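Colleague: Sharing a model prediction with you, sequence too.
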Amino acid sequence: MTVSLDISFVGASCTAQRSNHTTQELTGYVEYFRRFLARELGISAVYQDAYPGNRFAGPGPVKISDVVSRRGGGICVLELLIEDHSRGRASSSEDYLSACKSLMDANILPIFLNLPKGGVLPLEQWPQARMIAEISAECNIPSINIVPVDSAKAIEKSMFNGPNHTNFNGAKYYAETISQFLISVLGDRDLRLQNISIPERVQSKIVSRIPAETPRDSFQKFKLQLKRGQNQNDTFGTLIHLHKIGPFSPVVSFRASNAGGLYYETSMSLWDEFCHYDRYSYLDFKFPLKGSDISVEYEVSDILPKYETCRREHDFSEFFDKSKRVMHAQGDAFISAYEPLPGYSSLL
């Protein structure tokens, strides 16, 4: 084919997969597509904008911003269904529509990719799948449904490592299904983009980068100062910050204040049931935006993580001491909102 386009894949851990760390077996559908199928389709570059272990409602807008910032004129495949529902929050239809609008404004064609959960794609039973199917139909957004080739039991044995993550056979099947769909899309990409109709009420989210002062390897309290325009209506923003997490990770207390004082507080656990080993995850707080000058703080809470829920036997006793529970931020923080939010940060 003579097409020359970039393609980005946005999704959680299924989209992040590449190969098995122990056996080196190729297990990721994006990696299979990159190695064996992209070139013959005329795809010039393949990007993985993934957020493993998280949900689209948090880091999703940051990943969409990354896609948009590279260059327009490509395709973005949105794999939104397979997420860890034990953390974060479910996306709304507005979250999905806002992402699609941002892509379309950059001349990027959005395509939904619906992967089977546990070997089955129960569209009629799965709320997020129903929501995506409705958006796809109402807005004319292309959608790829990867359905089982056999019974759920047979598919799990031959194509999956666990309920959702693929082995080589599954990665090959996913990638080839996507490739066959793209053959029908690439020739009329521009026409398909023009035919998409996003409701006029939908706004694109703006992702503001807040330079992070993180000179120390670890810390217990982080503060951001945000500046809004005058006379802005009350709305919501989401703080997104990548962290290294592990046995040391805490429950985090979160507070937002303005000239009138504290107006919002909540907490979340950076520690989770897999924190017997180190990896990376996003801290994700949705909070009200009230007033023009907002101070946002998050710090290690006195509350202990639920160590008894860990998936492996592990001794967490040293972290009963609050001073041993710390955070390891990775780079700058981001605020996702419907308005730009310039600001700065500091460690306390």
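Modeller: Received the coordinates, thanks.

Colleague: For the longest helix seen in the chain, give the mean pLDDT please.
Modeller: Assignment by DSSP state H gives helix 168-186 as the longest helix of the chain. Confidence over helix 168-186 (mean pLDDT, whole number) is 94.

Colleague: ok, now stretch 314-321?
Modeller: 97.

Colleague: so where's the stretch 151-300 of the chain uncertain?
Modeller: 151-157, 213-216 (pLDDT under 70).

Colleague: now the helices for it?
Modeller: Ranges of helices within the stretch 151-300 of the chain are 152-159, 168-186, 189-195, based on DSSP state H, counting those that start in this stretch.

Colleague: Pull out the buried positions in the longest one.
Modeller: Taking 16 or more other CB atoms under 10 Å as the basis for neighbour counts, the residues of helix 168-186 that come out buried are 168, 170-175, 177-179, 181-182, 185-186. Just so you know, the C-beta spots here come from the backbone N, C-alpha and C atoms, and that holds for glycine as well.

Colleague: One more: stretch 284-298?
Modeller: Asp284, Phe285, Lys286, Phe287, Leu289, Lys290, Gly291, Ile294, Val296, Glu297, Tyr298.

Colleague: and what of stretch 90-101?
Modeller: Neighbour-count burial for stretch 90-101 [16+ other CB under 10 Å]: Ser91, Asp95, Tyr96, Leu97, Ser98, Ala99, Cys100, Lys101.

Colleague: Just give me the closest of those residues to His85.
Modeller: Nearest to His85, judged by CB to CB, of the buried residues of stretch 90-101 is Ser91 at 11.4 Å.

Colleague: Not counting sequence-adjacent ones, nearest residue to that closest one?
Modeller: Ala57 (4.4 Å; CB to CB, 6 or more residues apart in numbering).

Colleague: Could you look up the SS state of that neighbour?
Modeller: Secondary structure assignment for Ala57 (DSSP: H, G, I helix; E, B strand; the rest coil): coil.

Colleague: re earlier: list of residues touching the longest helix of the chain?
Modeller: Outside helix 168-186, the residues that touch it by CB atoms under 8 Å, 6 or more residues apart in numbering are 1, 3, 5, 7, 17, 25-33, 36-37, 41-42, 75, 77, 109, 111, 113, 115, 142, 144, 146, 149, 158-160, 166, 192.

Colleague: now swap in stretch 253-265 and tell me
Modeller: 239, 266-268, 285, 287-288, 290-301.

Colleague: I'd like the distance between the residue of the chain positioned farthest from its centre and Gly291.
Modeller: Farthest-out residue of the chain from its mean C-alpha position, per CA atoms, centre = their mean: Gly260, at 33.6 Å. Remark: distance between Gly260 and Gly291 (CB to CB, to the nearest Å) = 7 Å.

Colleague: and what of Phe181?
Modeller: On the measure of CB to CB, Phe181 and Gly291 end up 47 Å apart.

Colleague: what mean pLDDT does stretch 89-107 have?
Modeller: 96.

Colleague: typed the wrong thing, it's stretch 328-339
Modeller: 93.

Colleague: Quick check: buried residues in stretch 271-286?
Modeller: Buried, per 16+ other CB under 10 Å, within stretch 271-286: Trp271, Asp272, Glu273, Phe274, Cys275, Ser281, Tyr282, Leu283, Asp284, Phe285, Lys286.
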